[in-house]
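# sequence? don't have it. structure:
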């Protein structure tokens, strides 16, 4: 009876060191993300039968796992977009610095040729470029960062309301709930007071 539901045998995917990555691949396929791969390809990649992946998806992947992967994907998207913005900002800075070096060369060349008028005009251009660089560095001195706060998450706000309603309905549930939340270092407050 090995392999049957309730036989006590662990799923093949659960025993793999890359289990989390496999779960992520399966969930990405469920979500139809652009970079997802078909379940059959996932099965081939990890060396199991298609039905093993299907069965694992239906019987082992929980809603909590799905939510975690969705949240991770959102964070990855935000981090990727932030990296692109930071790279673009650095490109602008490098362009300005390259332009300043070119103007410095023109000034040197004009001075060597004793062309004071051109040297003076180039110095004025360099002054403007340096002012722009200083302004740009002041505005762009820090990289963009993204901070997510669970306290502001709509799901957490809803969950807090549900927990409050349950505690109001069943007052004896309040103490075990708070004890468990303290155990997991979570805090639940409602308008400044603990549930």
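Happy to help now that I have it. Bear in mind that the values here come from a model prediction, so they are computed numbers and not experimental data.

# Work out the gap between the longest helix seen in the chain and the centre of the chain.
Identified as the longest helix of the chain according to DSSP state H is helix 63-112. In terms of CA atoms, centre = their mean, to the nearest Å, the centre of helix 63-112 is found 17 Å from the chain centre.

# for it, packing partners?
Identification of packing neighbours for helix 63-112 by 3 or more CB pairs under 8 Å, 6 or more residues apart in numbering; DSSP states H and E yields helix 19-31, helix 116-139. Every residue, glycine included, has its C-beta placed from N, CA and C.

# gap between residue 99 and residue 85?
As judged by CB to CB, to the nearest Å, residue 99 and residue 85 stand 22 Å apart.

# Could you check how far the residue nearest the centre of the chain is from residue 122?
Nearest to the mean C-alpha position of the chain, counting by CA atoms, centre = their mean, stands residue 75 at 2.2 Å. Using CB to CB, residue 75 is found at 48 Å from residue 122.

# In this protein, which residue sits furthest out from the middle?
Relative to the centre of the chain, the most outlying C-alpha is that of residue 114, 56.7 Å out, by CA atoms, centre = their mean.

# Confirm it sits in a strand?
No: counting by DSSP: H, G, I helix; E, B strand; the rest coil, residue 114 is not part of a strand but coil.
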